[in-house]
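1. what would the 3D arrangement of this be:
(3 chains)
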Amino acid sequence: MKAHLIAAGILTATTAVAQTETLTVYAPDYFTSEWGPGPTIEAAFEESCGCEMEFLPGDLLPRIMLEGQNTRADIVIGLNTDVTAKARSTGLFAPHGQDNGQLELPIEWTDDTFLPFDWAYVSFIYDATKIESPPASFEALRTMPVDQKAVIQDPRSSISGLALVLWVKAVYGDQAEAFWRDMAPRILTVTKGWSEAYGLFTDGEAPMVLSYNTSPAYHIAFEEDDTKRAAIFEEGHYGFFELVAKTSTTDNPNADKFMEFVLSDAFQSAIPMTNFSYPSAQGPSEWPEVFANLPAPDKAIFMGEDEAEAIRAEAIEEWRRALSQ
Amino acid sequence: MASRVVAIIPAGLVAALVAMPLAAVFLRAGGGASLAAGDWAALRFTVWQAFLSALLSCLLAIPAARALSRRRFPGRDSLVTILGAPFILPVIVAILGLLAVFGREGMISQGLHLLGLPRLQIYGLQGILLAHVFFNLPLAIRLLLQGWSDIPAERFRLAAQLGLPAPTMFRVIEWPMLRKTLPGAFLVIFTICLSSFAVALTLGGGPKATTVELAIYQAFRFDFDLGKAATLATVQLALVGTASLVLLRLVGPLTGDLGLGRVQHRWDGNSSLARILDVASITLVGLFLLLPILSVVLRGAAGLADLPASVWIAAGHSVGVALASTTLCIALAVPLASARHGQTVALLGFALSPLVLGTGLFLLLQPYTNPFEWALVVTFIVNALMALPFATRAIAPALEQAEADYGRTADMLGLTGWSRWRWLILPRIQQPLGFSAGLAAALSMGDLGVIILFADPERATLPLQMYRLMGAYQMEAAAGAALLLLGLSLGVFWLFDKGGRYGLEA
Amino acid sequence: MALKLEHLIVRQGAFQLIADFEVPTHSFTSVIGPSGAGKSTLFDAVSGFLKPAKGRVLWQGDDLTNRPPGDRPVAMLFQDNNLFPHLTIGQNIGLALSKRRRLSPAHQDHVERVLARVGLDGMTDRKMSQLSGGQISRAALARLLLQDRPLWLLDEPFSALGPALKSEMLTLVRDMATEKQATVLMITHDPTDAHAVAPLSVLVAEGQANGPFDTAELLNNPPPALSDYLG
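-> Numbering: from 1, shown residues only, chains lettered A, B, ... in the order given. The predicted model follows:
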């Protein structure tokens, strides 16, 4: 009798393990760190779904492309619109199955594969103790005093750097290279990624840095410092949307649950104070106060992935030429 | 002779570890790719900055090494030891320190600003040179210092007796030594600077300052152009390989004993001008090399107290990786150092881009296992390969010397195989062995290369964790982590180097 | 018939040495000749460090020509570097008995007895750096004794010592060789040494090694090659 019970116990245990196969989510480093949204989201999702999940941090696209059909990812979170064309062409992503109507974005969202989970406007953040009259437009930026230098990121290695180059291209078109030539002396340095650039800014090396209009929320909320501010440009700001997608190779039933979870309150409410960006499915009335008070542009500029893919190489080459003079 | 046979195994291993990953990347890419204008610009820039970096390091090292070789003062040996620190400093830490001193808001700029002068502008080629000179000046000083102390004391005595004036003395005694030593120092630094990655990232100032290694990273990152990455890596391999072969052929093995250099007793340099020049060059070089390190210590001290647990765990991983890497490096280096073409083979791993090496290993592992579980293993293997040329180069001369001096006695006694190693060779190469192990451990400790590709939350190394802290607005904790990293890197080097000298004074 | 060099030709670069002689067992033979004539080359061929181009090296009829140095009945003392500076006297000497890390008590005992025999009693644990030149020579001789090989090759072993110390060491070597019944070949550039200890001499000059001759006779009526050298 006892033996039967034990055998039954083992059986149920093994089936339980099989049912709760861990959901694997690829995410960028900043997302999964103990200060990012990762830990909160992991705990909330595991509780709501009664299953196990894990984040694997690192470079998303290179890893997915290296792995191809053998990828271990069920979900990939943290891609952005400027690289989705490449991601989509791999055929490794499946429809997200969510209603795009739930989204509250400054633009209309029609993609059925990549689902935004947060967003912000690409912006230059300045130190108000060093810059008294911040530029209010790209035109002002390209003519600002030469000692007011900005740190930007390399469009060949950083998604925010790429977003800036596309933003400039969208605003200036054929004149983009001329803009970059004017900017060259006003750029302190170009970093590999956002972290190095922002580090230089907070260390006081540069009075201005390319980041997001939501970055000041961190300093206001955690450091009671309101001197880091976004310069709002009248030409409009490039919208930066961070995306989540389900892989086409997954057979984990919890993958769909996770996609659903992304638009839930538990996920959305965790975003602002951990990822310092706007949640994608909540309107301003639901945002924390500090976000609702952040200055924001009137106009969002957005480039579809086909357009982004088409002009990317040219825009980067113009940037490289102008800054290599 | 037996050691020649033994060397085939590590030589084959190193060659396979380089060739297979590179081939895997090429295969996956379906061939190479042609290089664009930007890539050629990167190639030219890489060679140019390496040339200038090596030239500057050597030129600056001359007055400093000369002064150190002829001045006796309290704390001289400790100073020479500490001056070596930048060479093993993690790049990510060093850049923080350099910016604190030379940055737009650094000490010097602040001073200039107070005087109403313009601030320093370090971003650009000058920034890269600054960093490379900072890293490699210690190496150049040590090599030249060794050259100076190898000059027989009798020559200085003779010169004093003949009453040679200072310029003649320099021309007759010191210049011939420099002509022999400088090419080696120049080439080794040139080679190191060819594969610079992290330095160019932050201090380069823009796309003008793109190095080949950075171009490889970019080819991966967005374009996912494996063909281009592999082609660039091959070009880099050829470049570094050629430079290294020239180094080995023309210059021969460098002295492995980068010792403190004994002080030469000389009868010149008593004029007040000579004294002032010597004091000035020692002081300036000391400040240049030590202020950045000091600023890392000062900034980090505040953050050190409440470092998050994850930093300590990462530090544990780093220590483990460093020890494993050191073991592998030494295990490969000793037999390679005893083989004829061992030093050439040892260069292979150094010459191949770590990013391509890492990606290749990823592709090779992937069909069989989850590469991310092997992140730390891949990291320590790659790190061991990076340190291998330094280790073989340091060990080879001592090994040759041991065989030349005592090989026949050992033959007489029938000491072959393991007993020869234990009784003759290992005790005779103990010091360069300790030095190499220290170097391998420190370089591995500070490396933030391949782990970026393989990052995994449970398997972060300390440099990666520090990088993550910076990415999470945690600048104070990052500064604390930088200090911890600094302490660990210097600490492991010191321990191994000290261990290598154990019992030698007796 | 002990050591026989049979039509031996040794080449080293452009240099060539022909040796064709034999020396009897238990003899003490000096090897003399001008510097650069090939005395050390001759020893290298006998000890196995150099492979002869032609001919054979025979010991008691055994062909040694193709055996490695450690495997010949030969013990050799070089001009210097006979002892490892990183080991103690005891460890250095003990290597002649065993390559193990620790010597067995019997071996230990043996080492101490031999050290006492050469006048180094109680110095087993001294490091080489703590020894005088004379003591180093004695230690090297002690190891020669422990190696217990019948053929000793001494390559100017005491040339660094002062005259008094050198003659003391030569006497000690001769006594030990007699006691051990060893066959000794000793390179020397000092005819007095040859006179003092070696009844026989081999002359190495002009690319040839000939002998053995009676030492007194050879030195009294030297052939031209030797007389130029002796002056």
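2. the chain: helices as residue ranges?
-> Looking at chain A here, since you left the chain open. Along chain A, counting by DSSP state H, helices occupy A:2-19, A:29-32, A:38-49, A:60-67, A:84-89, A:138-142, A:159-172, A:176-183, A:194-202, A:216-223, A:254-262, A:265-275, A:289-292, A:305-324.
3. nope, chain C
-> Using DSSP H, helices in chain C cover C:39-47, C:89-94, C:105-117, C:133-147, C:163-180, C:191-197, C:215-220, C:224-230.
4. report the inter-axis angle for the fifth one versus helix C:105-117.
-> Using axes from the mean of the first three to the mean of the last three C-alpha atoms, to 10 degrees, the direction of helix C:163-180 lies 130 degrees away from that of helix C:105-117.
5. so how far is stretch A:140-151 off the chain centroid?
-> With C-alpha atoms, centre = their mean, to the nearest Å as the basis, stretch A:140-151 stands 26 Å off its chain's centre.
6. same deal with stretch B:315-335?
-> Computed by C-alpha atoms, centre = their mean, the chain-centroid distance of stretch B:315-335 equals 16 Å.
7. equivalent analysis for stretch C:47-62, please.
-> Stretch C:47-62 sits 16 Å away from the centroid of its parent chain (C-alpha atoms, centre = their mean).
8. how about it against chain B, any contact?
-> Yes: using C-beta under 8 Å from any C-beta of the partner chain, stretch C:47-62 reaches chain B at C:47-49. Placement of C-beta: from N, CA and C, glycine included.
9. any chance of CSV for the residues you listed, columns pLDDT and neighbour count?
-> Shown next, in CSV, are these (pLDDT from 0 to 100; neighbours: other C-beta atoms under 10 Å in any protein chain shown):
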residue, pLDDT, neighbour count
C:47, 87, 22
C:48, 87, 21
C:49, 86, 17
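10. ok, so of these, who is nearest residue A:144?
-> Closest approach to residue A:144 among the residues of stretch C:47-62 next to chain B (C-beta to C-beta): residue C:49, at 79.6 Å.
11. what sits against that closest one?
-> For residue C:49, the contacting residues are B:408, B:411, C:69, by C-beta atoms under 8 Å, 6 or more residues apart in numbering or on different chains.
12. tell me which of the helices of chain A lies nearest to residue B:280.
-> Nearest to residue B:280, of all those, is helix A:194-202, at 32.3 Å by C-beta to C-beta.
13. lowest average confidence across the helices of chain A, which one?
-> Mean pLDDT across the helices of chain A is lowest at helix A:2-19; the value there is a mean of 42.
14. quick one on the thing from earlier: nearest to residue B:105, of the residues of stretch C:47-62 next to chain B?
-> Looking across the residues of stretch C:47-62 next to chain B and measuring by C-beta to C-beta, the closest to residue B:105 is residue C:49, at 68.0 Å.
15. for residue C:79, see how far away the closest one is.
-> As judged by C-beta to C-beta, to the nearest Å, residue C:49 and residue C:79 stand 14 Å apart.
16. go on, residue B:188?
-> Residue B:188 sits 37 Å away from residue C:79, taking C-beta to C-beta as the criterion.
17. comparing these two, which shows the higher neighbour count?
-> Each of residue B:188 and residue C:79 has its neighbours counted (other C-beta atoms under 10 Å in any protein chain shown); residue B:188 has more, 24 against 14.
18. tell me how far stretch A:232-250 is from the chain's mean position?
-> For stretch A:232-250, the gap between its own C-alpha mean and the chain's C-alpha mean amounts to 6 Å (C-alpha atoms, centre = their mean).
19. residue B:420 is in contact with residue C:95, correct?
-> No: using C-beta atoms under 8 Å as the test, residue C:95 is too far from residue B:420 to be in contact (10.7 Å).
20. so what's the backbone phi/psi at the closest residue to residue C:66 other than its chain neighbours?
-> Spatial nearest neighbour of residue C:66, chain neighbours left out: residue C:51 (7.9 Å); criterion: C-beta to C-beta, 6 or more residues apart in numbering or on different chains. Reported as degrees, to the nearest 10, the phi and psi values for residue C:51 are phi -90, psi 130.
21. where's the residue of chain C found nearest chain B relative to residue C:87, distance?
-> Here chain C gets closest to chain B at one residue, residue C:70, 2.7 Å apart by C-beta to the nearest C-beta. According to C-beta to C-beta, residue C:70 and residue C:87 sit 18 Å apart.
22. perfect, I'm done here.
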